[in-house]
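>>> need a structure here:
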Amino acid sequence: MGANGSEGKNSLSIRDNRTGRDYEVEILDGDVIRAMDLRQIRVNDGDFGMMAYDPAFTNTASTRSSVTFIDGERGILRYRGYPIEQLAERSTHLEVAYLLLKGELPTQSELDDFVHDVTFHTYVHENITEMLAGFRYDAHAMGMMISAVAALSTFYPEAKDIQDPAARWQQIIRIVGKMPTLAAYAYRHHRGLPYVYPENELSYTANFLNMLFRIGTRDYRPSPVLEKALDILFILHADHEQNCSTSTMRVVASSNADPYSAMAGAMAALYGPLHGGANEAVLRMLNRIGSVDQIPAFLEGVKRKEERLMGFGHRVYKAYDPRASIIKRTADEVFEVTGRNPLLDIALELERIALSEDYFVERNLYPNVDFYSGIIYQAMGFPVEMFPVLFAIPRSVGWLAQWQELLEDPEQRIARPRQVFVGPDARDFVPMGDRG
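Sure thing, here's the model as predicted:
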């Protein structure tokens, strides 16, 4: 569709066949048009105008972001322009956190100050620990985390001053510092163990592991291999563009809610099994397969749509998820310390067979980040109910980076999607006695 004389212009020509009218819409940033430009297309002057119908927002850009770049066709993931492979190999989680939050890699002094400030804010108010103690012994860790993060907004009323950059940064430091502490407390509550307070001389991930697993003695020090592996996993999960939970963070924040309340909403989205529960589903699948010799029968069931191949394919990636290859290498190092997870042999063979069959390759069913992460978490001693929590700790950095970006974007307003109404037209109220 097009209008004469429009060749070579950076615009889209549209003809409305209902009226015969032609419209010209500007093309932005390569292949993007403003949805509001469609509103000029109407049959009558009093009409609302044209809208785009996009369930689940699968082809709608809600923001112009500089945080994370993904090219799903080529399997590329970059934070602020830096390839995820380089960051996972050369950085720490807190260095990557600074990058995501500030836009540039820190100098040594900037990183030292950032680490110091985050470490200084690892403790939580004793009222929070008392609140966590009030949950049932079998309360899900993610439910406890959502409640605790939301409750933090009542401890820091200055967090509502979201237009003050200094106040915003203070809340960011607090959230990054306290997330591992809250997660460890939720884990210890579930185990019926006393809370272990932070030890600030340890690294971010070593302190987290210490608060989780120390029993009695103060001499506990986690394995450097597990400390590094968890740091890499945190880097890989720090941000992933406009996914369900990040979009939730932005939508809630668009009402000028404080960051704790917005993050509680994002965490609730992550709590859903279709978002934060994928690696748990992989473990269930591998356990159900049971042994390597059962893999061919399972894959035949997948082809007949009787089984679901969990941990393969991705909404964004149409090639190998770059995070999956990094995790696969990390798994070998972890298992040298923890012992080999018996599910690994099933996973490796499942991947080998699936990647050798046209059925799966043609459908872009390559392993994603969730395929190996659950196996590693399980080997490190984490129960499955902690998996979404382990996702939320590093992703809090991405949520906060996106939150800052939203507040500084002059084009953003309170979120208000449109709808296509398909209900009944106007009708008169029917008295109770006349309803049949």
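
>>> which residues in the stretch 201-350 of the chain form helices?
Along the stretch 201-350 of the chain, counting by DSSP state H, counting those that start in this stretch, helices occupy 204-213, 224-236, 244-253, 259-271, 278-289, 295-303, 322-338, 343-356.

>>> among those, which is nearest Leu77?
Smallest distance to Leu77 across the helices of the stretch 201-350 of the chain (CB to CB): 5.1 Å, for helix 322-338. Using the backbone N, CA and C atoms, a C-beta is placed for each residue, glycine as well.

>>> Could you list the buried residues of that closest one?
Along helix 322-338, these residues count as buried under the neighbour rule (16 or more other CB atoms under 10 Å): 322-328, 330-331, 334-335, 338.

>>> any idea of the angle that helix forms with helix 343-356?
Here helix 322-338 runs at an angle of 150 degrees relative to helix 343-356 (axes from the mean of the first three to the mean of the last three CA atoms, to 10 degrees).

>>> ok so, going back, the helices of the stretch 201-350 of the chain: which one's closest to Asp370?
The closest of these to Asp370 is helix 278-289. By CB to CB, the value is 3.9 Å.

>>> Buried residues in the closest one, which are they?
Quick answer for helix 278-289 (16+ other CB under 10 Å): 278-283, 285-286, 289.

>>> returning to that earlier point: next, format the buried residues of helix 322-338 as a markdown table and append pLDDT and distance to Arg304.
Shown next, in a markdown table, are these (pLDDT from 0 to 100; distance: CB to CB, whole Å):
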| residue | pLDDT | distance to Arg304 |
| --- | --- | --- |
| Pro322 | 89 | 31 |
| Arg323 | 90 | 30 |
| Ala324 | 87 | 26 |
| Ser325 | 87 | 30 |
| Ile326 | 92 | 33 |
| Ile327 | 90 | 30 |
| Lys328 | 87 | 28 |
| Thr330 | 90 | 34 |
| Ala331 | 88 | 30 |
| Val334 | 93 | 35 |
| Phe335 | 91 | 33 |
| Thr338 | 92 | 36 |
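
>>> And these, which is closest to Gln378?
Ranked by distance to Gln378 (CB to CB), the buried residues of helix 322-338 are led by Thr338 at 9.3 Å.

>>> Compile the buried residues of helix 278-289 into a markdown table and extend it with columns for pLDDT and distance to Leu87.
Compiled in a markdown table, those are given as follows (pLDDT from 0 to 100; distance: CB to CB, whole Å):
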| residue | pLDDT | distance to Leu87 |
| --- | --- | --- |
| Ala278 | 85 | 22 |
| Asn279 | 88 | 21 |
| Glu280 | 87 | 26 |
| Ala281 | 89 | 27 |
| Val282 | 91 | 24 |
| Leu283 | 92 | 27 |
| Met285 | 94 | 30 |
| Leu286 | 94 | 29 |
| Ile289 | 95 | 33 |
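
>>> Now do the helices in the stretch 1-150 of the chain.
Under DSSP H, counting those that start in this stretch, the stretch 1-150 of the chain gives helices at 84-90, 93-102, 108-120, 126-133, 141-155.

>>> Run the angle between the fourth one and helix 141-155 for me.
Computed with the same axes, to 10 degrees, the direction of helix 126-133 lies at 150 degrees from that of helix 141-155.

>>> can you check the third one too?
Using the same axes, to 10 degrees, the direction of helix 108-120 lies 100 degrees away from that of helix 141-155.

>>> what about the helices of the stretch 201-350 of the chain, which gets the closest to Gly177?
Judging the helices of the stretch 201-350 of the chain by CB to CB, what sits closest to Gly177 is helix 204-213, at 8.8 Å.

>>> Neighbours of the residue lying closest to Thr122 once chain neighbours are set aside, how many?
The shortest distance from Thr122 to any non-neighbouring residue, by CB to CB, 6 or more residues apart in numbering, is to Pro198 (4.0 Å). When counting by other CB atoms under 10 Å, one arrives at 21 neighbours for Pro198.

>>> got the buried residues for the longest helix belonging to the chain?
Scanning the chain for the longest helix, with DSSP state H as the assignment, gives helix 165-191. In terms of neighbour count (16+ other CB under 10 Å), helix 165-191 has its buried residues at 167-168, 170-190.

>>> highest average neighbour count across the helices of the stretch 1-150 of the chain?
Counting by mean count of other CB atoms under 10 Å, helix 93-102 has the highest mean neighbour count of the helices of the stretch 1-150 of the chain, with a mean of 23.

>>> who does it touch, helix- and strand-wise?
Judged by 3 or more CB pairs under 8 Å, 6 or more residues apart in numbering; DSSP states H and E, helix 93-102 is in contact with strand 76-79, helix 108-120, helix 165-191, helix 204-213, helix 224-236, helix 387-407.

>>> Go ahead and name everything in contact with the first one.
Outside strand 76-79, the residues within contact range by CB atoms under 8 Å, 6 or more residues apart in numbering are 67-70, 83-84, 87, 96, 99-100, 238-240, 322-323.

>>> any idea which of the residues you listed is closest to Leu350?
Leu350 has its nearest neighbour among the contacts of strand 76-79 in Arg323, at 18.1 Å by CB to CB.

>>> mind listing what Tyr317 touches?
Contact analysis of Tyr317 by CB under 8 Å, 6+ apart lists 70, 72, 75, 364, 366, 368.

>>> Filter those residues down to the buried ones and express that as a PyMOL selection.
The PyMOL command for the buried members of the contacts of Tyr317 (criterion: 16+ other CB under 10 Å) is given here:
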select buried, resi 70+72+75+366+368
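
>>> Can you lay out the contacts of Tyr317 as JSON lines showing distance to Asp138?
Formatted as JSON lines, those follow (distance: CB to CB, whole Å):
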{"residue": "Ile70", "distance to Asp138": "37"}
{"residue": "Gly72", "distance to Asp138": "39"}
{"residue": "Gly75", "distance to Asp138": "40"}
{"residue": "Asn364", "distance to Asp138": "39"}
{"residue": "Tyr366", "distance to Asp138": "37"}
{"residue": "Asn368", "distance to Asp138": "30"}
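
>>> do you know which of the helices of the stretch 201-350 of the chain lies nearest Asp31?
Closest to Asp31 of these, according to CB to CB: helix 244-253, at 20.4 Å.

>>> Spatially, and excluding backbone neighbours, which residue is closest to Phe298.
Ile289 (5.1 Å).

>>> Touching, the one you found and Ile346? I think so.
Yes - with contact defined as CB atoms under 8 Å, Ile289 reaches Ile346; the gap is 5.6 Å.
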